[in-house]
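Chemist: Fold the following.
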Amino acid sequence: MRRITLAAALLLPGVVVDAFVSPNSNNILRSSATTTTNMVPGVAEVLDFATTTTAAATSMPLAMPDAETSNTFLLSFADQGQNLAGIFFQSSLLPYLAYLYFISFRGNRVPALSNFGLQFLLLFVVMTIPSGIIAKSTYGVTLANCDWLHGGAELLLTVANVLLVLGFKEAYSGNSANQNVDGAKDNAETPNQTFNVARTLALGTFAAFVGACVIGPGLLEAHTPFLAGIGDLGGSYVDLPFVTHSDPENALSIPTWIIHYSSVIEFIIAMKLVWDYSEATGNEKWKGLTWGMLPLHASGICACTYHIFYNSMQLLVTMQAGFTALGNLTCAIAAYRIAVSNGWTFQEVNPFKPSDTSPRGLVVDQTAALPLVLPETTESNVATFGKLAAVSVVLSYATKYGELGIDTFFTPNEPLALAMVLGIPALTSAYYFNQGGELNMPKLPGSSEDGEGLSMADVKKYGISGTVAYVLTELAFWAVAFPVASTALYQTTGHWPDVINDPTDRTTVLGFIFAGANVARLLVPLRLGAALALAPWVDENLLSKLNKNEA
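Modeler: Now for the predicted structure:
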């Protein structure tokens, strides 16, 4: 499983949000999804079950279901499978597993603590399922609207991301051995102590949340704030000069907001550490993983935006699911490229592997044993996590109480939400684009060296391979555009579009697609970069084979 390594946390950069199913269904399965990223996001889903009857609150968090309830659960799963968000989440599973497999290849030299962080992320994913069930069966609300469960589940994601970041920082500081997923270690004492302490604290946090899920439903209310709401300024109405609204019942508490913002920021830090790992290892392919994490970063922003609008815009859930599926795929591709560059071959999946002392195995082991090129100076862990905590606290107070004075956030506002979801990742993308590196790799004959960036001319220099790759990336956009536009109409009108017989539906869907196409124009560098990255694969796996067949 992906916890095999580096992939997971990158994979789930997000926060817990709610996915929905057909509002016309009597058996609703709500899925709280988590992303960022992260690289990696990315992304874990939470299942909240709604039944056709109202269940009374009970001190038992998970009573044994009777036949009718069990049937309801089965129907809920079936309903979720036909929901676009559910389809996206399901389709993201195999890329997620592939990402975990490739990133854990021993030749990649992923820090042991980061590997454990990615493995720990699986516990977060697992615990969101019973948390969602408890929220629905005990309180009759979704996980996103049950603050103490919501914050507790999100804390596990934050712990996973902290481990991911801490592992890379330890590697950069020279205090950590390059330990592979099989547990190989050097004789350094400090790394072992750091690893053991971090693992103990992480597993202790997990155990504490499991205990809270067992005893909490009998002691706490649905909207009991996480960690007793430490830091909250008071009741539903805050007496500040700019405040014009009362705090909604489902608003996140300050501790839960801090956990959410911390998760997103940690994922951004992880993206930068992965980018810099290309210099530490001398392998530019690591920069490709940072690019692959961008959709998972967007998934995390979707989750925060969903909560900023008080969980009122279900379209954001579908978008988050789509970004998660896309991010898992791009991270899997990036991890594959890293593994191949470090000696991975298909012989690795052979259950009857040759001797560990085979020439190929020795080469891989030598690669895994290479020392990292450490930077001259690194920021201390105390400074990094101190800044992280300070920024998370400031953003949490600004969000929770600042929006009480702004009418916009109390009603759904799709244009503003889309600007937030696409704008922040676009800024992140622009930063790495200006840094250069893997997006411009490999170097093309005659490519400009003046830093002007990519153009269609660069794609054309790959000839037929470049053209085919560009066509495939454009087709990928249009393949996603119609389902997303159809879902947007469904959320607005309550029915799926009939583009053949209903001219109004046809016009509306085309309008959504046109708007998305204009937004996509802002991401031209990424689209060209994706085409360039795909061109060598197209040449090797498609065109060359066609030429051989013709010959």
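
Chemist: tally of neighbours for P415?
Modeler: Taking other C-beta atoms under 10 Å as the neighbour definition, P415 ends up with a count of 8. In short, each C-beta sits where N, CA and C put it, glycine included.

Chemist: Same check on F346?
Modeler: Here the count is done by other C-beta under 10 Å, and F346 has 6 residues near it.

Chemist: Can you name the next helix or strand after whatever helix or strand K272 lives in?
Modeler: Element membership for K272, per DSSP states H and E: helix 254-281. Along the chain past helix 254-281, the next helix or strand (assigned with DSSP H and E) turns out to be helix 285-308.

Chemist: tell me the mean pLDDT for the helix or strand following that following helix?
Modeler: Toward the C-terminus, helix 285-308 is succeeded by helix 315-341 as the next helix or strand (DSSP H and E). Per-residue pLDDT values across helix 315-341 average out to 87.

Chemist: ok, now stretch 270-289?
Modeler: Computed over stretch 270-289, the mean pLDDT rounds to 90.

Chemist: Quick check: N328 touching S92?
Modeler: Yes. With contact defined as C-beta atoms under 8 Å, N328 and S92 form a contacting pair (4.3 Å).

Chemist: So if I had to pick from the two, which one is more boxed in?
Modeler: In this comparison of N328 against S92, neighbours counted by other C-beta under 10 Å, the higher total goes to N328 at 37 against 26.

Chemist: Give me the distance between the more buried one and L93.
Modeler: The spacing between N328 and L93, counted by C-beta to C-beta, to the nearest Å, is 8 Å.

Chemist: what angle do the longest helix along the chain and helix 315-341 make?
Modeler: If each helix of the chain is counted by residues according to DSSP state H, the longest one is helix 464-493. Using axes from the mean of the first three to the mean of the last three C-alpha atoms, to 10 degrees, the direction of helix 464-493 lies 160 degrees away from that of helix 315-341.

Chemist: In terms of secondary structure, what does helix 464-493 contact?
Modeler: With contacts defined as 3 or more C-beta pairs under 8 Å, 6 or more residues apart in numbering; DSSP states H and E, the packing partners of helix 464-493 are helix 84-91, helix 315-341, helix 456-460, helix 503-520, helix 524-538.

Chemist: Output those helices as JSON lines; include the columns distance to A228.
Modeler: As requested, the helices and strands packed on helix 464-493 are exported to JSON lines (distance: least, C-beta to C-beta, whole Å):
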{"stretch": "helix 84-91", "distance to A228": "32"}
{"stretch": "helix 315-341", "distance to A228": "29"}
{"stretch": "helix 456-460", "distance to A228": "56"}
{"stretch": "helix 503-520", "distance to A228": "41"}
{"stretch": "helix 524-538", "distance to A228": "43"}
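
Chemist: so which of these gets nearest T138?
Modeler: helix 315-341 (22.3 Å; C-beta to C-beta).

Chemist: Any buried residues in the closest one, and which?
Modeler: For helix 315-341, a neighbour-count test (16 or more other C-beta atoms under 10 Å) marks 315-339, 341 as buried.

Chemist: other SSEs contacting it?
Modeler: helix 7-10, strand 16-19, strand 29-34, helix 84-91, helix 93-103, helix 285-308, helix 414-435, helix 464-493.

Chemist: Would you tell me which one of these is buried the most?
Modeler: Per-stretch averages of neighbours, counted by mean count of other C-beta atoms under 10 Å, single out helix 7-10 among the helices and strands packed on helix 315-341, with a mean of 38.

Chemist: pLDDT averaged over that one - what is it?
Modeler: If you average the per-residue pLDDT over helix 7-10, you get 37.

Chemist: Tell me what angle the host helix or strand of L118 forms with helix 254-281.
Modeler: Applying DSSP H and E as the criterion places L118 in helix 112-134. Here helix 112-134 runs at an angle of 150 degrees relative to helix 254-281 (the same axes, to 10 degrees).

Chemist: Tell me what angle the helix or strand just after helix 112-134 forms with helix 254-281.
Modeler: Tracing the chain C-terminally past helix 112-134 and defining elements by DSSP H and E, one meets helix 147-173 next. Per the same axes, to 10 degrees, the angle that helix 147-173 makes with helix 254-281 is 20 degrees.

Chemist: wait, which of the helices and strands packed on helix 315-341 is closest to L156?
Modeler: Shortest separation from L156 across the helices and strands packed on helix 315-341 is recorded for strand 29-34, at 9.6 Å, computed as C-beta to C-beta.

Chemist: circling back: packing partners for the helix holding K272?
Modeler: Judged by 3+ C-beta pairs under 8 Å, 6+ apart, helix 254-281 is in contact with helix 7-10, helix 147-173, helix 285-308, helix 381-402, helix 414-435.

Chemist: Repeat the analysis, applying 10 Å as the threshold.
Modeler: On a contact count with 3 or more C-beta pairs under 10 Å, 6 or more residues apart in numbering; DSSP states H and E, helix 254-281 meets helix 7-10, strand 16-19, helix 112-134, helix 147-173, helix 285-308, helix 315-341, helix 381-402, helix 414-435.

Chemist: what inclination does it have with respect to helix 414-435?
Modeler: Relative orientation of helix 254-281 versus helix 414-435 (the same axes, to 10 degrees): 20 degrees.

Chemist: Measure how helix 254-281 sits relative to helix 285-308, angle-wise.
Modeler: Angular relation of helix 254-281 and helix 285-308 on a 0 to 180 degree scale: 170 degrees, by the same axes, to 10 degrees.

Chemist: before we move on, the earlier item: out of the helices and strands packed on helix 315-341, which gets nearest to L203?
Modeler: L203 sits nearest to helix 7-10 of all those, at 16.2 Å, using C-beta to C-beta.

Chemist: which stretches of the stretch 451-551 of the chain have low pLDDT?
Modeler: Regions of the stretch 451-551 of the chain meeting the criterion pLDDT under 70 cover residues 451-462, 477-478, 491-492, 499, 511-527, 529, 545-551.
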